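In: Test case, fold it:
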Amino acid sequence: MAGLAVSEIDPLELLVLWWRAERDWSPVEGYPMECPSTRGWRASRQYDDANGALDTDERGLLIRHIGQVVASIPDPYRTALYLVARNRATGVSVWRSTRLPENEDERAELVADAVQMFVERV
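Out: Below is the predicted model:
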């Protein structure tokens, strides 16, 4: 992530990154994302170039920023972004919302507008 501008990343990948981080989502069932005995542990800043701590911190800041951008977008566009992120992150396109139009063309147009709003604000 270091040295990579947000504008160079696919906006849908940013949404997926945010959705997974917000939900501590893991594709593997049964294994915790972190060990309870080491929760809150921070790596030393002494070897940031080798241990990836700086990259992890940057990723966390990026995820927080993406969440703030998504939260600032009004409904139903925010709902569309949630569903796009969830569908992409889980690899299925079954998630729907009653807040979005039933008509596929209208829904696709709304999703496109939502992604455009997201891109403009990121």
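In: In this protein, which helix is the longest?
Out: helix 53-72 (DSSP state H).
In: right, and the helix or strand after that helix?
Out: Of the helices and strands lying after helix 53-72 in sequence (DSSP states H and E), the nearest is helix 77-90.
In: so where is the protein shaky, pLDDT-wise?
Out: Low-confidence segments of the chain, defined by pLDDT under 70: 1-7, 24-35, 42-53.
In: let's see it at 50
Out: For the chain, applying pLDDT under 50 flags the ranges 1-2.
In: wait, what's in contact with the most centrally placed residue in it?
Out: Nearest to the geometric centre of the chain sits Trp18, at 1.7 Å (Cα atoms, centre = their mean). The neighbours of Trp18, taking Cβ atoms under 8 Å, 6 or more residues apart in numbering as the test, are 63, 66-67, 70, 85. All C-beta spots, glycine's among them, are computed from the backbone N, C-alpha and C.
In: what's the distance between it and Trp41?
Out: Taking Cβ to Cβ, to the nearest Å as the criterion, Trp18 is separated from Trp41 by 23 Å.
In: gap between the longest helix of the chain and the chain center?
Out: Here helix 53-72 is found 9 Å from its chain centre; the criterion is Cα atoms, centre = their mean, to the nearest Å.
In: Counting by contacts, list what it packs against.
Out: Applying 3 or more Cβ pairs under 8 Å, 6 or more residues apart in numbering; DSSP states H and E, we find helix 53-72 packed against helix 11-22, helix 77-90, helix 104-121.
In: Among those helices, single out whichever gets nearest to Asp55.
Out: helix 11-22 (12.9 Å; Cβ to Cβ).
In: In that closest one, which residues are buried?
Out: Of the residues in helix 11-22, 11-12, 14-21 count as buried by neighbour count, 16 or more other Cβ atoms under 10 Å.
In: Just the CA trace of it, in PDB.
Out: The C-alpha coordinates for helix 11-22 follow below in PDB (Å, rounded to 0.1, in the frame of the first residue of the first chain):
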ATOM      1  CA  PRO A  11     -12.800   1.700  -6.300                       C
ATOM      2  CA  LEU A  12     -14.600  -1.600  -6.000                       C
ATOM      3  CA  GLU A  13     -11.500  -3.200  -4.400                       C
ATOM      4  CA  LEU A  14     -11.400  -0.300  -1.900                       C
ATOM      5  CA  LEU A  15     -15.000  -1.100  -1.000                       C
ATOM      6  CA  VAL A  16     -14.200  -4.800  -0.600                       C
ATOM      7  CA  LEU A  17     -11.200  -4.000   1.600                       C
ATOM      8  CA  TRP A  18     -13.400  -1.700   3.700                       C
ATOM      9  CA  TRP A  19     -16.300  -4.200   4.000                       C
ATOM     10  CA  ARG A  20     -14.000  -7.100   5.000                       C
ATOM     11  CA  ALA A  21     -12.200  -5.000   7.600                       C
ATOM     12  CA  GLU A  22     -15.400  -3.600   9.100                       C
END
